[in-house]
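Peer 1: Turn this into a model:
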Amino acid sequence: MVAVTFGRIGAARGRTVTYVAGDELGAQRLARACLRRRASAPKRIGAAYVTRELADPGGWV
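Peer 2: From the prediction side, this is the model:
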């Protein structure tokens, strides 16, 4: 399972999207795809996302 939370700075809560993968490799792909989408934000919306917390016990990223 991969959970990604994002939102605006100063907002009380962000939005959490949870993805379910069939195996560990699928979960790694989902996590990387989510991070890649957030990294392209400056080109898409003109502002970057900031990583506030990264729980990566398996060293995927």
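Peer 1: Show me what the longest helix seen in the chain is packed up against.
Peer 2: Secondary structure of the chain per DSSP state H: the longest helix is helix 24-39. Counting contacts by 3 or more C-beta pairs under 8 Å, 6 or more residues apart in numbering; DSSP states H and E, helix 24-39 packs against strand 2-6, strand 15-19. For glycine as for every other residue, the C-beta is placed from the backbone atoms N, C-alpha and C.
Peer 1: Okay, residue 45 and residue 30: tell me how far apart.
Peer 2: 22 Å (C-beta to C-beta, to the nearest Å).
Peer 1: And the longest helix of the chain, what's buried?
Peer 2: Applying a neighbour-count criterion of 16 or more other C-beta atoms under 10 Å, one finds 27, 30-31, 34 buried in helix 24-39.
Peer 1: List just the nearest of those residues to residue 4.
Peer 2: Nearest to residue 4 among these is residue 34, at 4.7 Å by C-beta to C-beta.
Peer 1: Now do the same for the closest one: its pLDDT.
Peer 2: Residue 34 is assigned 85 on the pLDDT scale.
Peer 1: Could you give the secondary structure assignment for residue 43?
Peer 2: helix (DSSP: H, G, I helix; E, B strand; the rest coil).
Peer 1: Now the residue nearest to residue 24 when sequence neighbours are not counted: phi and psi?
Peer 2: Using C-beta to C-beta, 6 or more residues apart in numbering and skipping residues adjacent in sequence, the residue nearest residue 24 is residue 58, 7.8 Å away. Main-chain dihedrals, residue 58, degrees, to the nearest 10: phi -90, psi 0.
Peer 1: What count of nearby residues applies to residue 58?
Peer 2: By the criterion of other C-beta atoms under 10 Å, residue 58 has 10 neighbours.
Peer 1: any idea how far residue 28 is from it?
Peer 2: Using C-beta to C-beta, one gets 8 Å for the distance from residue 58 to residue 28.
Peer 1: Mean pLDDT lowest where, among the helices and strands packed on helix 24-39?
Peer 2: Looking at the helices and strands packed on helix 24-39, the bottom one is strand 2-6 with a mean of 82.
Peer 1: Fine by me, we can end here.
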